[in-house]
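Novice: model the structure of this input:
(one chain, ligands or ions: 1)
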Amino acid sequence: MDIQTVNHKSALAPIQSDTSPLAMNADAFRNAGHQLVDRLADFLTGLPERPVGPDASPAVIRAALGQRSLPQEGADASQLLAEAADLLFSGSVFNGHPRFWGYITSSAAPIGALADLLAATVNPNVALWPLAPMASEIEEQTVRWIAELLDYPDDCGGLLVSGGNMANMVGFWTARYTKADWDLRKAGMGAGAQRMRVYVSQQAHTWVEKAADLSGLGTDAVRWIPTDDQLRMDTVALRRQIAADRAAGDLPFLVVGTAGTVSTGAIDPLPELAAICQEEFLWFHVDAAYGGFAAMLAEAPADLKALREADSVAVDPHKWLYSPLEAGCALVRYKGLMRDTFSYYPAYYPTVEPDEEPPINFVEYGPQNSRGFRALKVWLALQQAGRSGYEGMLRQNIAHAQLLFDRVSEHPELEPFAQNLSITTFRYRPEDLQSGGEGVEEYLNRLNQELLVRLQKGGEAYLSNAVVQGRYLLRACIVNFRTRVADIAALPEIVARIGREVDAELRPQFGR
Ligand SMILES: *Cc1c(COP(=O)(O)O)cnc(C)c1O
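Specialist: Numbering: from 1, shown residues only. Down below sits the predicted model:
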């Protein structure tokens, strides 16, 4: 019986697709979309005139949103989108602003926003090739292009994940599986006779702890190796720790080198780490989430280029490829090991024809099941700018960080610390406190901490901080294609002006 012909009670009436509460006919979609795109275009061109972020407490932001209850009835899509845009334009920190230099968050390429719209509209599920034939092929091509930029073997395995943390964890899990000398996937961590150990520098990112914890090794498994005066891993100390762990009956399995530390952009001596891993039969992973893409530059230091020797590498397209969040990328030299680590193939996945070369099913190469089409925004941006376009933007970011370092060095109230890749660290130091003395370091830490809070609230520019050898530093990390020389040139005096204000207020309390 045809369901349409049955005279149902209205509650059971069949829903026509064009009257579904979520349906948008062509005109409605076009109108809502055009209105939104018009507003976004104005937003992007108006960014330099806006404060970098809102000076608003959590209470103010919450009040602006309002205590809404879940609506019982639906509403008009255009109106909802316009309202959401208002909320976000007034309550966001704009990392696309030319003066946003906080953390490691890049300005996002506009083509990435349009790519996300396209990806979400077609909505391929890039878990299984049969569900997303073209998207799977595009993701494979994107991974190959990223490998090519890094001069990494282009027959490697790889996939896109949410960010640097997940990309690093993919490397970590592959290393753990490969180096465990028992059936780790089946028997688990507890079945090993030895405790697994991982080696990173004291400047490494916190993902390592999270990975050791969540993977059942425990954070005690992480051996934090001291760094030299340039904050690079001390390889003598590394060898010593590996030997001590072996002597204690433990199982060293992984060395993680960092190509661009979060605090100061330091690059570990990767060629030496590679050699140590070869000698010791350890997995060599490089966390290149921030600095990796700088390896595309001809003038990149040899230490950075040596990431090509790693067994696995994590990079972050949502950092130095200027992809909108989220996009991380894991590369593993031997594709088969990735599959050995992650693959399950239950009966409800499609059958593979025995005589066909099976195309890639990304579900078998990482932790996710359903997967969105993150690769599209990366793939499109790589083509829009081309290799030389990217080289130019990275060079400019690095040049801006160097310029900032020079300007800070010339300023009598600012003290420079380090400059690596596109990170410059410095602090405010009143002229009469240049020569140090008792309690001065402690005071400078408090002063710079308060200075940063005011700078961020003031909206003139956005920096974050680093703590290096007990010193609280201001930190500019420039991964921003909108920044111009004038933006950099303005920063020292903005910081000094706020520094003077804060100093005038804090000094009496400090009793000096
Ligand atoms: C940013 C970063 C991470 C974490 O990446 P997310 O994209 O934030 O998950 C890890 N390691 C380094 C060196 C980083 O710079």
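
Novice: mind checking what helix or strand follows whichever strand or helix holds Val256 in sequence?
Specialist: Taking DSSP states H and E as the definition, Val256 sits inside strand 251-258. Later in the chain than strand 251-258, the nearest helix or strand by DSSP H and E is helix 270-280.

Novice: so for that next one, mean pLDDT?
Specialist: If you average the pLDDT over helix 270-280, you get 98.

Novice: what do you get for stretch 431-441?
Specialist: For stretch 431-441, mean pLDDT is 90.

Novice: what helices or strands is the strand holding Val256 leaning on?
Specialist: helix 164-179, strand 196-201, helix 235-247, helix 270-280, strand 283-287 (3 or more Cβ pairs under 8 Å, 6 or more residues apart in numbering; DSSP states H and E). Just so you know, the C-beta spots here come from the backbone N, C-alpha and C atoms, and that holds for glycine as well.

Novice: and for the residue in the stretch 301-450 of the chain that the ligand sits nearest to, the neighbour number?
Specialist: For the stretch 301-450 of the chain, the residue closest to the ligand is Asp316, as judged by Cβ to the nearest ligand atom, at 4.7 Å. The number of residues packed near Asp316 is 31, by other Cβ atoms under 10 Å.

Novice: wait, it sits on Val262?
Specialist: No: Asp316 is not in contact with Val262 according to Cβ atoms under 8 Å; the separation is 11.4 Å.

Novice: mind listing the strands for the stretch 401-512 of the chain?
Specialist: In the stretch 401-512 of the chain, the segments counted as strands under DSSP state E, counting those that start in this stretch are 414-420, 423-428, 464-468, 471-477.

Novice: excluding chain neighbours, what is closest to the residue of the stretch 101-250 of the chain found nearest the ligand?
Specialist: Residue of the stretch 101-250 of the chain nearest the ligand, by Cβ to the nearest ligand atom: Gly164 (2.2 Å). Among residues not flanking Gly164 along the chain, Ala289 sits closest, at 3.2 Å (Cβ to Cβ, 6 or more residues apart in numbering).

Novice: next one: the one you found from Lys179, what distance?
Specialist: 22 Å (Cβ to Cβ, to the nearest Å).

Novice: more crowded one of the two?
Specialist: Between Ala289 and Lys179, Ala289 has the larger neighbour count (other Cβ under 10 Å), namely 28 against 17.

Novice: doesn't Asp316 make contact with the more buried one?
Specialist: Yes: using Cβ under 8 Å, Ala289 is in contact with Asp316, at 4.2 Å.

Novice: which neighbours do these two have in common?
Specialist: Counting by Cβ atoms under 8 Å, 6 or more residues apart in numbering, the shared contacts of Ala289 and Asp316 are Ile104, Gly163, Gly164, Ala167, Gly328.

Novice: may I see the ChimeraX selection of the buried members of those?
Specialist: Buried members of the shared contacts of Ala289 and Asp316, defined by 16 or more other Cβ atoms under 10 Å, are picked up in ChimeraX with:
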select :104,163,164,167,328
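
Novice: what's the farthest-apart pair in the shared contacts of Ala289 and Asp316?
Specialist: Ile104 and Ala167 (13.7 Å; Cβ to Cβ).

Novice: intersection of neighbour lists for these two?
Specialist: Shared contacts of Ile104 and Ala167 (Cβ under 8 Å, 6+ apart): Ala289, Asp316.

Novice: show me which helix runs longest in the protein.
Specialist: Secondary structure of the chain per DSSP state H: the longest helix is helix 375-410.

Novice: quick one: mean pLDDT for it?
Specialist: pLDDT averaged over helix 375-410 gives 98.

Novice: ok, now stretch 120-127?
Specialist: 98.

Novice: buried residues in that stretch, which are they?
Specialist: For stretch 120-127, by 16+ other Cβ under 10 Å, it's Pro124, Asn125, Val126, Ala127.

Novice: can you list contacts of that stretch?
Specialist: By Cβ under 8 Å, 6+ apart, stretch 120-127 touches 131-132, 134-136, 139, 361-363, 368-373, 375.

Novice: okay, now the closest residue to Asp18 other than its chain neighbours: neighbour count?
Specialist: The shortest distance from Asp18 to any non-neighbouring residue, by Cβ to Cβ, 6+ apart, is to Asn25 (6.2 Å). Counted with other Cβ under 10 Å, the neighbours of Asn25 add up to 9.
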